[in-house]
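1. task: produce atomic coordinates for the following.
(one chain, ligands or ions: 1)
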Amino acid sequence: MPHRTIHIFRKGLRLHDNPTLVTALETSDVVYPVYILDRNFMTSSSVIGSKRWNFFLQSIEDLHCNLQKLNSCLFVIQGDYERVLREHVEKWNITQVTFDLEIEPYYKGLDERIRAMGQELGFEVVSMVAHTLYDIKTILALNCGKPPLTYKNFLRVLSMIGNPDKPARQITSEDFIRKCITPTKLAAEEYYRIPKPEDLGISKDCPTNWVGGESEALSRLEQHLEKQGWVANFKKPQTIPNSLLPSTTGLSPYFSLGCLSVRVFFHRLSNIYAQSKNHSLPPVSLQGQLLWREFFYTVASSTPNFTHMVGNPICLQIDWYKNEEQLQKWKEAKTGFPWIDAIMTQLHNEGWIHHLARHAVACFLTRGDLWISWEEGMKVFEEFLLDADYCINAGNWMWLSASAFFHHYTRIFCPVRFGRRSDPEGNYIRKYLPVLKNFPAKYIYEPWTAPEEIQKQAGCLIGKDYPLPMVDHKTASEHNLQLMRQVREEQQKTAQLTKDIADDPMELNLKHPFKNDKECGLENNKVKRRCLEEMTAEDGTRQSDLVQSLDPCEVKVC
Ligand SMILES: Cc1cc2nc3c(=O)[nH]c(=O)nc-3n(C[C@H](O)[C@H](O)[C@H](O)COP(=O)(O)OP(=O)(O)OC[C@H]3O[C@@H](n4cnc5c(N)ncnc54)[C@H](O)[C@@H]3O)c2cc1C
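-> Sure thing, here's the model as predicted:
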């Protein structure tokens, strides 16, 4: 007997590579594609700024339009998640509920409650992997039930699995005509329409450079993939943090809401790599970037309190300063360091900044200059980034503050020299901080050193029109380095947990960590044996966790 199904869209706001929706369509004669907009649930785990709200609303609007083209539509139901789901299961005589698997604790909790509701009301629940490349549970199982805590060890485990699954088949209008229907007339009801920002009390604040939705995501993907040479040779550390247009793909906002499938991107990259003699490799290649994402998802999936310091077993426990005034200066782009303030301004204006720019401001806030907790920085990013992501954001903030994963803590980014290396003229600063636009290049990264005459000529007096630097970088960073050294001496055990042995992740010698399935089978036994040997070191620790990691994206600037 075919099902009557509610397919709940959560993050996977797309029709391509949507295995859960494909399953819903293949097992049902009626499918209701639904988005449950429960603002309390959505904001229970993160602060969502107005740009991200707008981007999200554009994305569900696009999803609705794409569904309409296939004779279906999106029902947006506002209200308490479980209450409105229960009401609609009963109202529409639902026998099956489908949704993508997510790994965050708040989704896991929700899923359990939906399953319990299914038992009570008599509907089946189907949920499948779509937001990550792999089923995270498989990775954990192959690593003795624990997450691999270093990128290298993570790659080793993946080499036992081989390539990620191929994307799901394309959904077409045939699916909604012959086999299965959506009662689209209902969707015309006011109750189910997609709200406008003003309905939600959100200002219409659309990011200029990013338009939300699957259609835009796919079009951007195609544009990138046309540049085969660029794709094949992509090396993250060689991309430029202060270019005026993104020097990386800029696809992160689309991955974050699942408007774009990571599996599709991964396999399209494999096709390009197959045609090129020498392509770049993880960790610096584009596939390597997707694997960083997967790495943080894997670690977050089974690390308690991953987004916090307290109660988080992999995170150094640090007595960070509580200084609201300094935090606000950083957040509001008023540090007095033009490079830092320009980045924070781009974050506010556009909702996206380059990875190395994120490095610069995160290091400045935490171990570099202000010694303020990474959790505070994470919350600010969460509010303003279009790509804000529970696992990736926390993972990277721990990395940058040297609280976990990153161990070359003596390397501190200089807020003057870092930006100057790739943009000596300061064009990026001129764009985002127009108050400084008339300063000569010589002074634009440290305008407080300019003679008064030059400041007058530039029409900007430092200390009056633009702030003086809020700290002396040399003194602050030297002091913080001593503090960090002490913390790491006292908490060696925790620091070891996420440390890699060799400096160069390329030493792994995984020329093609993702071989075809046949090659993979041959390789598996060798790799498995090596992994097992490592996992059973005498003292019970994994050797691969005792290695030193190098941030592949690090630029030695100090
Ligand atoms: C302090 C800090 C906070 C961050 N917070 C987030 C966040 O909330 N959400 C987010 O998506 N990224 C975050 N990143 C990671 C990274 O900066 C962004 O993913 C990247 O800059 C997005 O730009 P892109 O799409 O052009 O990346 P590309 O270089 O083109 O990479 C392609 C994709 O790979 C993934 N990726 C790239 N770098 C990383 C990384 N270091 N870790 C995990 N995944 C990665 C992203 O999904 C990205 O879209 C953070 C980095 C730092 C240093």
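
2. how about the helices in the stretch 351-500 of the chain?
-> If you assign secondary structure with DSSP state H, counting those that start in this stretch, the helices in the stretch 351-500 of the chain sit at 355-363, 374-384, 390-400, 417-422, 427-432, 441-444, 452-458, 473-490, 492-497.

3. and the third one, what does it pack against?
-> In this structure, helix 390-400 packs against helix 286-301, helix 355-363, helix 374-384, with contacts taken as 3 or more CB pairs under 8 Å, 6 or more residues apart in numbering; DSSP states H and E. Any C-beta I mention is one placed from the backbone N, CA and C, and that applies to glycine too.

4. now that helix, how far from the centre of its chain.
-> The chain centroid and the centroid of helix 390-400 are separated by 9 Å, computed with CA atoms, centre = their mean, to the nearest Å.

5. can I get it in PDB, CA atoms only?
-> C-alpha atoms of helix 390-400 as PDB (Å, rounded to 0.1, in the frame of the first residue of the first chain):
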ATOM      1  CA  TYR A 390      27.200  24.700  14.100                       C
ATOM      2  CA  CYS A 391      30.100  22.200  13.500                       C
ATOM      3  CA  ILE A 392      32.400  24.100  11.200                       C
ATOM      4  CA  ASN A 393      32.200  27.400  13.100                       C
ATOM      5  CA  ALA A 394      33.000  25.900  16.500                       C
ATOM      6  CA  GLY A 395      35.700  23.700  15.100                       C
ATOM      7  CA  ASN A 396      37.500  26.500  13.400                       C
ATOM      8  CA  TRP A 397      37.200  28.800  16.400                       C
ATOM      9  CA  MET A 398      38.800  26.200  18.500                       C
ATOM     10  CA  TRP A 399      41.500  25.800  15.900                       C
ATOM     11  CA  LEU A 400      42.200  29.500  15.600                       C
END
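
6. is the ligand contacted by it?
-> Yes: residues of helix 390-400 contacting the ligand under CB under 6 Å from any ligand atom: 392-393, 396-397, 400.

7. just the buried residues out of those, in PyMOL syntax.
-> A single PyMOL command selects the buried members of these (16 or more other CB atoms under 10 Å):
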select buried, resi 392+393+396+397+400
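
8. which one of the residues of helix 390-400 next to the ligand is nearest T98?
-> Within the residues of helix 390-400 next to the ligand, proximity to T98 (CB to CB) peaks at I392, which comes in at 25.7 Å.

9. neighbours of the nearest residue to the closest one once chain neighbours are set aside, how many?
-> Residue nearest to I392 in three dimensions, not counting chain neighbours: F296, with 5.0 Å by CB to CB, 6 or more residues apart in numbering. When counting by other CB atoms under 10 Å, one arrives at 25 neighbours for F296.

10. could you tell me which residues of the stretch 401-550 of the chain lie near the ligand?
-> For the stretch 401-550 of the chain, the contact set with the ligand under CB under 6 Å from any ligand atom is empty.

11. what sits against the residue of the stretch 401-550 of the chain found nearest the ligand?
-> With CB to the nearest ligand atom as the measure, the residue in the stretch 401-550 of the chain that lies nearest the ligand is S401; the distance is 8.5 Å. With contact set as CB atoms under 8 Å, 6 or more residues apart in numbering, S401 has these partners: 318, 362-363, 366-367, 373-374, 377.

12. can you tell me which of these is nearest S301?
-> Within the contacts of S401, proximity to S301 (CB to CB) peaks at W374, which comes in at 19.9 Å.

13. avg pLDDT for whichever strand or helix holds A232?
-> Take DSSP states H and E as the rule and A232 turns out to sit in helix 228-233. If you average the pLDDT over helix 228-233, you get 97.

14. and it, what's buried?
-> Residues of helix 228-233 classed as buried by neighbour count (16+ other CB under 10 Å): 231-232.

15. okay, whichever helix or strand comes after it in PDB with CA atoms only?
-> Beyond helix 228-233 on the C-terminal side, the first helix or strand identified by DSSP H and E is helix 252-256. The C-alpha trace of helix 252-256 is given here as PDB (Å, rounded to 0.1, in the frame of the first residue of the first chain):
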ATOM      1  CA  SER A 252      29.700  28.000   1.700                       C
ATOM      2  CA  PRO A 253      26.400  29.800   2.200                       C
ATOM      3  CA  TYR A 254      24.800  27.200  -0.200                       C
ATOM      4  CA  PHE A 255      26.400  24.200   1.500                       C
ATOM      5  CA  SER A 256      25.400  25.500   4.800                       C
END
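
16. show residues contacting stretch 462-480.
-> For stretch 462-480, the surrounding residues in contact (CB under 8 Å, 6+ apart) are 326, 329, 334-338, 367-371, 412, 414-416, 433, 435-436, 446-448, 450, 455, 459-460, 558.

17. these in strands, which ones?
-> Judged by DSSP state E, strands contain none of the contacts of stretch 462-480.

18. any low-confidence regions in the stretch 201-350 of the chain?
-> Under the criterion pLDDT under 70, the flagged ranges of the stretch 201-350 of the chain are 207.

19. secondary structure element for the closest residue in space to C206 that isn't next to it in sequence?
-> Counting by CB to CB, 6+ apart, C206 lies nearest to N54, which is 4.7 Å off, once chain neighbours are set aside. Counting by DSSP H and E, the secondary-structure element that holds N54 is helix 50-69.

20. kindly reformat the helices and strands packed on helix 390-400 as a markdown table containing distance to the ligand.
-> Formatted as a markdown table, the entries for those read as follows, by distance: least, CB to the nearest ligand atom, whole Å:
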| stretch | distance to the ligand |
| --- | --- |
| helix 286-301 | 3 |
| helix 355-363 | 3 |
| helix 374-384 | 5 |
